[in-house]
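S.K.: sequence unavailable; structure follows:
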């Protein structure tokens, strides 16, 4: 399915068809979203409809696994409370989830340094050993060497930037670091600014668990530089307390990789290209700046 925009009339019809007890609630459009389009439903709920080819599978992952994990997580999450079934109105699954109050961090960045402890507590609770049937992900939680082609494309975008060579050095050190030898841990898998919400400069919730999977926690630990303000990473790792030097080195490599992705998508948005998100480009460059400052 191509990325498209759905109208409120469809959402209201789906609610009346499958969840009529919620159909009277106020429905409001929500800006943003990538694979899923979202509406706020009343004060406490959200409706999410998939709009890209891969989105239904991501929603299935959230529907299956986020309710299993949510109760132990110390930050609000968009836990599914109702599941929409394919029907003649809409051929894919869809979700009614808990609304997470706050502004996305690509619009309202985390500014409080004590968010380091909040993020560390969240990831410490999430990073438990995953069961054997936990999902895997071809681009998350895996050895960085398998993503070299992807990162090379990202470096092409910043080839003329002053930080390109230093960022490449951080990446190469991460690839050379010992790989994760522990059991696969639960990961969010996609901790970038559009997937967390902020209130008054503080991390206030984590959203979009469609990429959640099992693997190397270094993927998520990259959030120390992607989400937190400058000089907060060391405070974060002190609070997290479970990352050895090799894991931190890999996490810096993941931060470079994800920063390049933010920059590329943000650049597309600045140029008016399809799928671009202009707020992501400054977030990507800020991530590189924080990673290199820790070098």
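M.R.: Structure's in. What do you need? Worth saying up front: this structure is predicted, and the values here are computed from it rather than measured.

S.K.: now do the helices in the stretch 1-150 of the chain.
M.R.: For the stretch 1-150 of the chain, the helices defined by DSSP state H, counting those that start in this stretch cover 8-18, 55-69, 115-126, 148-157.

S.K.: what sits up against the first one?
M.R.: When you say that, I think you mean helix 8-18. 22-23, 27, 29, 39, 41, 47, 49, 82, 84-85, 87, 89-90, 94 (Cβ atoms under 8 Å, 6 or more residues apart in numbering). Where you see a C-beta, it was placed from the backbone N, CA and C, and this is true even at glycine.

S.K.: ok, which stretches of the stretch 151-295 of the chain are strands?
M.R.: Secondary structure of the stretch 151-295 of the chain by DSSP state E, counting those that start in this stretch: the strands cover 185-187, 196-199, 202-206, 213-215.

S.K.: ok, back up a step: what is the nearest of the contacts of helix 8-18 to residue 129?
M.R.: residue 82 (29.7 Å; Cβ to Cβ).

S.K.: count of neighbours near the closest one?
M.R.: Other residues lying near residue 82 total 17 when counted by other Cβ atoms under 10 Å.

S.K.: same thing with residue 245?
M.R.: 9.

S.K.: tell me the bridge partners for residue 36.
M.R.: residue 50 (DSSP bridges).

S.K.: that one contacts residue 51, correct?
M.R.: Yes - judged on Cβ atoms under 8 Å, residue 36 makes contact with residue 51 at a distance of 6.4 Å.

S.K.: those two - which one has more neighbours?
M.R.: Legend: neighbour count by other Cβ under 10 Å for residue 36 and residue 51, higher for residue 36 (22 against 19).

S.K.: can you pull the contacts of that one?
M.R.: 48, 49, 50, 51, 55, 58, 59, 210.

S.K.: and with 10 Å instead?
M.R.: Going by Cβ atoms under 10 Å, 6 or more residues apart in numbering, residue 36 touches 46-52, 55-56, 58-59, 62, 94-95, 208, 210.

S.K.: nearest to residue 118 among those residues?
M.R.: Among the contacts of residue 36, and counting by Cβ to Cβ, the member closest to residue 118 is residue 208, at 18.0 Å.

S.K.: how many neighbours does residue 207 have?
M.R.: Residue 207: 25 neighbours (other Cβ under 10 Å).

S.K.: touching, it and residue 194? I think so.
M.R.: Yes - here residue 207 lies in contact with residue 194, judged by Cβ atoms under 10 Å, at a distance of 8.6 Å.
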